[in-house]
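Participant: Okay, structure incoming, though there's no sequence with it:
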């Protein structure tokens, strides 16, 4: 059983919540991680078979204790937990209590297109079951063309090689990201807590809203924005018999504020999430828009719309073109959040 020390305080809303987590150094018992089955937003069954073993192997090489996949599957069946794209507060408490979990690792395969020029994207995040905070998150993406150097050398033509590169890029700083000092966690408590309502989808890609939501979480985490695990918000919505996407009413906003101390909510819709074709005749394109809301009052603080094409940064000799839909989506999402003024102090 892992030894974890958590200090509790009382929030402004009368709830006992973890105010800081004290992690052991590398010489003591390592953190116990539970990697939940990846959400597959690609429509390709092969995607999970390629990425899951690579992620598991990488985690096993770090200073972690990874819960066995068979043990996780057993507990998921026991508690009848079907969806692992997100995790609610009740499910997180059951699993963490049963298996002594320090952090849940959740993730999604956002893009998976094998071929002469493969393309893939994944999103990963770590969730603290104590207060349902996303404490680390990342989204990475690439197209085989993205590695081409001078004279056309370096193009990646194997999906297996591309996947290995993406997993290494995604998880290289995981250990330092999880082993935050208590002072850093405590200092972050004064910042406004954010929640995301899954983006609505108006595009041809039926998972576009989910993909952009996961990318937004990664961008917010990278910029040290406090984030509520979206599964906790979704659990609250279900308890009210509602399943919002792209919008939220004032009643649910207020409940997020009262129960989880959420100060700001981000949501919107994805109008276009289109990849380039393999022949290279068209580059990817992304269109999205949304709003930044005050959870306590329901006031719209800001709204923005963004459109990005792979050729937006094209220079002479076709340099600067973005071939990867995932990378373009990351750029568009970051610009969207900037225009909402989310990152302003």
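Facilitator: Cool, the structure landed. Keep in mind the model is a prediction, meaning the values are calculated, not measured. Numbering: from 1, shown residues only.

Participant: and the most centrally placed residue in the chain, what is it in contact with?
Facilitator: Compute the mean C-alpha point of the chain, and by C-alpha atoms, centre = their mean the closest residue is residue 214, 3.8 Å away. With contact taken as C-beta atoms under 8 Å, 6 or more residues apart in numbering, residue 214 is in contact with 108, 110, 123, 125, 139. In this view, the C-beta of every residue, glycine as well, is placed from N, C-alpha and C.

Participant: give me that answer again for 10 Å
Facilitator: Taking C-beta atoms under 10 Å, 6 or more residues apart in numbering as the contact definition, residue 214 lies against 39, 41, 85-86, 106-108, 110, 121-125, 137, 139, 196, 198-199, 207, 230, 329, 333.

Participant: doesn't residue 326 make contact with residue 162?
Facilitator: No - contact criterion C-beta atoms under 10 Å: residue 162 and residue 326 do not qualify, at 11.2 Å.

Participant: Common neighbours of these two, please.
Facilitator: With C-beta under 10 Å, 6+ apart applied, the overlap between the contact sets of residue 162 and residue 326 consists of 119, 120, 142, 143, 146.

Participant: Most widely separated two among those?
Facilitator: For the shared contacts of residue 162 and residue 326, the maximum inter-member distance is 11.0 Å, found between 120 and 146 (C-beta to C-beta).

Participant: Identify the contacts common to those two.
Facilitator: In contact with both residue 120 and residue 146: 162, 165, 324, 326, using C-beta under 10 Å, 6+ apart.

Participant: could you dump the residues you listed to TSV with pLDDT and neighbour count?
Facilitator: What follows is the shared contacts of residue 120 and residue 146, written out as TSV (pLDDT from 0 to 100; neighbours: other C-beta atoms under 10 Å):
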residue	pLDDT	neighbour count
162	94	23
165	94	16
324	88	24
326	94	28
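
Participant: out of the residues you listed, which one sits closest to residue 269?
Facilitator: residue 326 (19.0 Å).

Participant: Which of the three states applies to the closest one?
Facilitator: Remark: residue 326 carries the secondary structure label helix [criterion: DSSP: H, G, I helix; E, B strand; the rest coil].

Participant: Mind jotting down where the helices sit in the chain?
Facilitator: Shown for the chain, the helices assigned by DSSP state H span residues 46-61, 69-78, 89-99, 159-171, 174-178, 182-188, 208-222, 230-239, 250-260, 325-339.

Participant: which ones are touching the residue nearest to residue 298 when sequence neighbours are not counted?
Facilitator: In space, residue 298 comes closest to residue 250 once its chain neighbours are excluded; the distance is 3.9 Å by C-beta to C-beta, 6 or more residues apart in numbering. Residue 250 sits next to 293, 295, 296, 297, 298, 299 when contact means C-beta under 10 Å, 6+ apart.

Participant: mind listing which of those are in strands?
Facilitator: Among those, the members falling in strands are residue 293 (criterion: DSSP state E).

Participant: Who wins on neighbours among the contacts of residue 250?
Facilitator: Comparing these on neighbour count, residue 293 comes out first with 27 neighbours (neighbours: other C-beta atoms under 10 Å).

Participant: what residues are up against that one?
Facilitator: With contact taken as C-beta under 10 Å, 6+ apart, residue 293 is in contact with 195, 197, 247-248, 250, 253, 256, 262-267, 299-303, 340.
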